[in-house]
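Undergrad: need a 3D model of the following:
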Amino acid sequence: MNKKHSLLLVDDEKKILDILNINFSKDYNVFMAKNGIEALTILDTYPIDVIVSDLRMPEMDGKELLDFTRKEFPSIPFIIVTAYGTIEDAVESIKKGAFDYILKPIKIDELKHKIEKALSLNALLHENEELKTKIKSLESSKKIVTVDPEMKKLLNIAEQVAKTNATVLITGETGTGKQLFAEYIHNKSMVANGPFVEINAGAIPQELLESELFGYEKGAFTGAVKTKKGKFELADNGTLFIDEIGEMPISQQVKLLHAVEQNKITRVGGTKEIPVNVRLITATNRNLKEEVEKGNFRKDLFYRLSVVTLKLLPLRDRKADIPVLVEYFIKKYSSSDIKVEDEVMSLFLNYSWPGNIRELENVIQQAVIFAKNGVIIKYQVSEDIINQSFSIPLNKDEFQRLKKDKVDIIASKLEIQYLNNLLKQTGGNITKAAALSGYNRRQLQNLISKHNINTRNFKK
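TA: This next block holds a predicted model:
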């Protein structure tokens with residue numbers, strides 16, 4: 001059963017209140033007040049969904065009530081009731097936040113329509129807010145997953161520094177989660193409600209980097225047909241994350257230093273300095289101290305950017321995180337309950353992961369697609385991982401087992417290639433494939449079933 005919405009009627013004429021109550025009490029929980037002061041008492045006591053108020057009343061009129069509710073109850077739609085002579089006041093009230101107005105004498109059907117319209121719009125706005133909350137929750141689901149003590153220390157430092165305006169330099173190998181840390185700091189900061197703007201200094205041609213960062217004026221160069229804001233202006237009252245800062249040419253570093261020191265930027269082709277309030281976070285996979293010594297990076301800029309430095313660990317140095325990350329990525333990419341074979345997890349733990357978390361995520365994303373009977377098995381793991389995830393044993397029996405495993409893996413991959421080629425040639429027809437191959441139909445079906453191959457994928 002649908003819950004009734006609550007309607008607050010405010011008018012100094014009892015006759016009008018009684019008529020409105022008769023017409024609306026069937027569909028709404030109706031509350032009535034003779035003036036603005038009585039209305040405030042009701043608003044403080046009961047949840048109200050829509051207010052319908054006369055404009056001219058003693059003690060506190062409709063305009064004063066409107067001003068108060070916009071401050072204290074901004075989400076409640078407010079409908080003004082007015083006479084022909086006060087339409088200008090009603091229009092002024094709309095500008096101040098009233099939802100709509102209706103003229104006296106009140107037409108009940110018209111007022112019903114306006115109330116329903118107000119409720120529908122309010123429900124839409126509420127739904128929009130819920131959606132924003134869900135989106136924010138989904139964004140925060142890109143969380144930093146770790147049980148490693150050193151990484152937890154870095155998270156604590158990140159949370160502390162987030163509450164300041166200090167610049168942060170995040171260092172670490174590619175794929176260690178530098179951007180996630182930057183987003184984490186932004187979401188914990190005082191500018192969390194502002195924009196998070198990112199730019200990769202290594203992915204943009206040098207001649208375009210300055211205009212991307214600082215924007216440009218119309219006519220600044222060929223093709224600049226209109227003024228464009230740069231990343232600094234877009235990040236105003238928020239966070240600017242510059243990834244791969246070590247790739248920035250030294251010629252561009254002077255202007256960046258000026259922006260950081262003065263909190264002002266000048267667009268390309270412009271002369272006016274534009275103030276910006278930006279929280280700056282940078283990241284690099286290079287050793288910036290070495291780049292400073294080589295003359296590739298300005299010392300003064302380095303010290304400006306590295307007020308706080310967070311050095312992220314590569315995945316090979318935080319092995320305890322591998323099982324929890326595997327579980328996290330399985331849940332991210334599959335709604336099924338997929339397990340990992342013990343031997344596969346052992347391979348993961350012994351692999352060096354040169355691509356770090358990004359590589360692990362890609363491996364798991366692919367593995368869940370081809371998981372057999374809800375289990376990720378050894379034959380689905382790439383040869384690179386298998387080849388790098390073992391040491392040659394000295395014991396003869398262990399060596400023989402390792403050799404057999406290697407032969408089995410190679411044979412399995414060869415069988416898959418063979419079957420794929422055979423089924424492709426015969427359009428997935430098992431009878432034709434059996435005739436072409438020399439296997440009998442049952443043998444071929446057993447092989448196809450062993451490798452979980454779907455023959456329909458080969459139908460012509």
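Undergrad: for the stretch 101-250 of the chain, just list every one of the strands.
TA: 168-171, 196-200, 238-243 (DSSP state E, counting those that start in this stretch).
Undergrad: please tabulate those strands in CSV, including the columns distance to D342 and mean pLDDT.
TA: From N, CA and C alone the C-beta is placed, and that goes for glycine too. Formatted as CSV, the strands of the stretch 101-250 of the chain follow (distance: least, CB to CB, whole Å; pLDDT from 0 to 100):
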stretch, distance to D342, mean pLDDT
strand 168-171, 35, 97
strand 196-200, 39, 95
strand 238-243, 37, 96
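Undergrad: burial measure for E383, as a count.
TA: 11 (other CB atoms under 10 Å).
Undergrad: identify the residue nearest H126 in space, chain neighbours excluded?
TA: S75 (7.8 Å; CB to CB, 6 or more residues apart in numbering).
Undergrad: quick one on the thing from earlier: closest to Q252 out of the strands of the stretch 101-250 of the chain?
TA: strand 238-243 (10.7 Å; CB to CB).
Undergrad: give me the angle between the closest one and strand 196-200.
TA: 20 degrees (axes from the mean of the first three to the mean of the last three CA atoms, to 10 degrees).
Undergrad: CSV please, covering the strands of the stretch 101-250 of the chain and showing mean neighbour count.
TA: Below are the strands of the stretch 101-250 of the chain laid out as CSV (neighbours: other CB atoms under 10 Å):
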stretch, mean neighbour count
strand 168-171, 24
strand 196-200, 19
strand 238-243, 23
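Undergrad: these into TSV, with extra columns for distance to V326?
TA: Output for these, formatted as TSV (distance: least, CB to CB, whole Å):
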stretch	distance to V326
strand 168-171	24
strand 196-200	27
strand 238-243	26
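Undergrad: which one of those lies closest to K319?
TA: Among the strands of the stretch 101-250 of the chain, if distance is taken as CB to CB, the winner is strand 168-171, at 20.6 Å.
Undergrad: show me what the closest one is packed up against.
TA: helix 178-187, strand 278-284, strand 308-311 (3 or more CB pairs under 8 Å, 6 or more residues apart in numbering; DSSP states H and E).
Undergrad: now do the helices in the stretch 201-350 of the chain.
TA: 206-214, 231-234, 250-262, 288-294, 299-305, 321-333, 342-350 (DSSP state H, counting those that start in this stretch).
Undergrad: helix, strand, or coil at the residue nearest to H126?
TA: S75 falls in the coil class when you classify it by DSSP: H, G, I helix; E, B strand; the rest coil.
Undergrad: how far away is it from A118?
TA: Plainly put, S75 is 11 Å away from A118 if you go by CB to CB, to the nearest Å.
Undergrad: the more surrounded of these two?
TA: Set S75 next to A118 and count neighbours by other CB under 10 Å: A118 wins out with 21 against 10.
Undergrad: ok, and the closest non-adjacent residue to that one?
TA: P77 (3.6 Å).
Undergrad: that neighbour: what's it in contact with?
TA: The contact partners of P77, by CB atoms under 8 Å, 6 or more residues apart in numbering, come to D49, V50, I51, F99, A118, L119, L121, N122.
Undergrad: which one of those residues sits in the busiest neighbourhood?
TA: That'd be I51 among those, by other CB under 10 Å, with 28 neighbours.
Undergrad: element containing E64, please.
TA: Counting by DSSP states H and E, the element that carries E64 is helix 62-72.
Undergrad: list the contacts for the spatially closest residue to H186 that is not a sequence neighbour?
TA: Of all residues not flanking H186 in the chain, T239 sits nearest, at 4.1 Å (CB to CB, 6+ apart). Neighbouring residues of T239 by CB under 8 Å, 6+ apart: 182, 185-186, 189, 191, 194-197, 278-281.
Undergrad: run a quick neighbour tally on A220.
TA: Quick note: A220 (other CB under 10 Å) scores 16 neighbours.
Undergrad: picking that back up, what's the closest of the helices and strands packed on strand 168-171 to E359?
TA: Nearest to E359, of these and by CB to CB, is helix 178-187 at 14.9 Å.
Undergrad: for that closest one, packing partners?
TA: Partner elements for helix 178-187 (3+ CB pairs under 8 Å, 6+ apart): helix 149-162, strand 168-171, strand 196-200, strand 238-243, strand 278-284.
Undergrad: rerun at 6 Å
TA: helix 149-162 (3 or more CB pairs under 6 Å, 6 or more residues apart in numbering; DSSP states H and E).
Undergrad: in the helix it packs on, what's buried?
TA: M151, L154, L155, A158, V161, A162 (16 or more other CB atoms under 10 Å).
Undergrad: following the helix holding E64, which helix or strand shows up next?
TA: strand 78-82.
Undergrad: run through who's touching that next one.
TA: Strand 78-82 is contacted from outside by 51-52, 54-55, 62, 66, 69, 90, 93, 98-102, 114, using CB atoms under 6 Å, 6 or more residues apart in numbering.
Undergrad: is the residue nearest to H186 in a bridge, and if so with what?
TA: F196, R279 (DSSP bridges).
Undergrad: and the residue nearest to A118, how far from E291?
TA: 59 Å.
Undergrad: for burial, what's the neighbour tally of K228?
TA: 17.
Undergrad: partner residues bridging it?
TA: Y216.
Undergrad: do I have it right that it meets G215?
TA: Yes. Using CB atoms under 6 Å, K228 is in contact with G215, at 5.3 Å.
Undergrad: joint contacts of the two?
TA: With CB under 6 Å, 6+ apart, K228 and G215 have no common neighbours.
Undergrad: just to revisit the earlier point, and which of the buried residues of helix 149-162 is nearest Q252?
TA: V161 (25.6 Å).
Undergrad: name the nearest residue to that closest one, sequence neighbours excluded.
TA: Nearest to V161 is V308, by CB to CB, 6+ apart, at 4.8 Å.
Undergrad: tell me the pLDDT at that neighbour?
TA: pLDDT, V308: 95.
Undergrad: in contact with G175, which residues?
TA: Counted by CB under 6 Å, 6+ apart, G175 has contacts G355, N356, I357, R358.
Undergrad: who's in contact with the first one?
TA: Right, the one you point to is G355. G175.
Undergrad: one more time with 10 Å, if that's ok
TA: Contacts for G355 (CB atoms under 10 Å, 6 or more residues apart in numbering) come out as E173, T174, G175, T176, P314, L315, E361, N362, V363.
Undergrad: low-confidence ranges, the stretch 251-400 of the chain, go.
TA: 387-394 (pLDDT under 70).
Undergrad: hmm, 90 instead?
TA: Residues of the stretch 251-400 of the chain meeting the criterion pLDDT under 90: 251, 268, 270-271, 331-337, 341-352, 366-400.
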